[in-house]
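Enquirer: Compute the structure for the input listed below.
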Amino acid sequence: MSVFTKDAGRILDPFETKAMTGAYQERKLAVGLAKDEYVRSEYFGINQVQYLLDQPGCIGLRIHHAKRWEDADGKPTEPGKGQLIPRVLLTGVDEKGQDMPIYADKAGMKDMAGDGGGNGTAVGDGLPCPRHCA
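Expert: Residues are numbered from 1 along each chain as shown. Below you'll find the model as predicted:
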């Protein structure tokens, strides 16, 4: 039986989520970073998430931890220019546990939708907090 099902994961209670995010923030503060000097979260709109979920065969999402060189405004730069910033990427996942390519009409040319090796195109460029926090 595959672990890749529509029911993977669980709903966490508020006390557990607060403890988890609190531990992350405490660690960042302990190493000398101010609250506005590290990424705490990233916001993605429901339309982007739904687009991934609506792919035929999609049974869930994978969230990839990543880093990207960015300027002070959060725009991508060349490697070595600006700061290396933690980001997340979202991909749809099929029942075999493979990342799915995004629909051809979203990714561009039909042949560019994915590489066929389970490394699909991802949704990224969410709005990072602290720059975009409520």
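Enquirer: what about the helices in this protein?
Expert: 14-30, 46-53, 104-107 (DSSP state H).
Enquirer: Dump the ones you listed into TSV; add mean pLDDT and mean neighbour count as well.
Expert: In this view, the C-beta of every residue, glycine as well, is placed from N, C-alpha and C. What follows is the helices of the chain, written out as TSV (pLDDT from 0 to 100; neighbours: other Cβ atoms under 10 Å):
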stretch	mean pLDDT	mean neighbour count
helix 14-30	96	11
helix 46-53	94	14
helix 104-107	47	13
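Enquirer: closest one to residue 130 among those?
Expert: Closest approach to residue 130 among the helices of the chain is made by helix 14-30 (11.1 Å; Cβ to Cβ).
Enquirer: these two touch, right, residue 81 and residue 69?
Expert: Yes: at 6.0 Å, residue 81 counts as touching residue 69 under the criterion of Cβ atoms under 8 Å.
Enquirer: Neighbour count for the two, which is higher?
Expert: A direct count of neighbours by other Cβ atoms under 10 Å for residue 81 and residue 69 places residue 69 higher, at 15 against 10.
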